[in-house]
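1. Sequence first, predicted coordinates after that:
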Amino acid sequence: MTSKGLQEVDKETFLRFQSEYLAKDDFEKYFPGDAALKLGEHLLSLVERHDKRVSITPLLVKLYIDNAVERRKEEVALDDLPMSMAETFLEYLRRVNPKNGEGSFFDDVVIAATNVLGMCSLERDYVPRDFFREDAQRRIAEADIKADAADLVDRLVKNGVLEERDAGGGNPILPCKFPIYN
């Protein structure tokens, strides 16, 4: 499903996009030569396993590569990289979520909140839209997620899942960087 504001990367431009992303963030050192091609083949096979209407978006490529780079940094094999788009997003959410310390939440709480807020972002017509902080907090509370809604929204902003901007009038809006839904 492609909608206004979402770009697709087709098979012809995919490898160039991947190569530029690896170079931009100096990730080439983790995937020299044929390793970058194998990474690209793995991601393409993930997309091709799904319905033909599924598209390769820059965000999917970025998250997939970021997950792979983290595995390389930790010297973990890439053999068990996710083979579904949903699991690629979930792995990213788990990775950016701190596991302990002040303001930390269990992964399942963060994933549940992201799911709720993804639906909040998509609810009108499945086109990602901004929403207000107060709406996000209300939705989390309504979903009966066992966490303080304001603290959880703060954590999602700190994790980079939500981006907070001033909409004027002191009511911050929260675009969900990648809406996740069931």
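-> It's in. Residues are numbered from 1 along each chain as shown.

2. When you work out contacts or count neighbours from here on, use the C-alpha atoms and nothing else.
-> Will do.

3. Asp166 contacts Arg133, correct?
-> No. Counting by CA atoms under 8 Å, Asp166 sits too far from Arg133 to count as a contact (10.4 Å).

4. and those two? which has more neighbours close in?
-> Arg133 (20 against 11; other CA atoms under 10 Å).

5. what's the distance between that one and Leu162?
-> To Leu162, Arg133 is 10 Å away according to CA to CA, to the nearest Å.

6. before we move on, what about Ile56?
-> Counting by CA to CA - Ile56 and Leu162 are separated by 21 Å.

7. Over to Phe132?
-> For Phe132 relative to Leu162 (CA to CA), the value is 11 Å.

8. residue ranges with poor pLDDT in this protein?
-> For the chain, applying pLDDT under 70 flags the ranges 1-8, 49-55, 167, 169-172, 174-182.

9. For it, which segments count as strands?
-> Here the chain has its strands, by DSSP state E, at 131-132, 165-166, 172-174.

10. out of these, deepest packed?
-> strand 172-174 (a mean of 21; mean count of other CA atoms under 10 Å).

11. Domains of the chain: list them as residue ranges, please.
-> 11-96, 107-174 (automatic domain parsing).

12. Number of residues surrounding Ala149?
-> 21.

13. same deal with Leu90?
-> With other CA under 10 Å as criterion, Leu90 counts 19.

14. measure the nearest residue to it once chain neighbours are set aside to Ala149 for me?
-> Closest residue to Leu90 apart from its sequence neighbours, by CA to CA, 6 or more residues apart in numbering: Ile111 at 7.2 Å. Applying CA to CA, the value for Ile111 to Ala149 is 13 Å.

15. for Glu70, same thing?
-> 29 Å.

16. for Glu142, same thing?
-> Distance from Glu142 to Ala149, counting by CA to CA: 10 Å.

17. Kindly report the same for Val61.
-> 30 Å.

18. cool, and Lys29?
-> 40 Å.

19. With Arg72 instead?
-> Arg72 is 34 Å from Ala149, where distance means CA to CA.

20. can you check Asp130 too?
-> 18 Å.

21. for Met85, same thing?
-> According to CA to CA, Met85 stands 27 Å off from Ala149.
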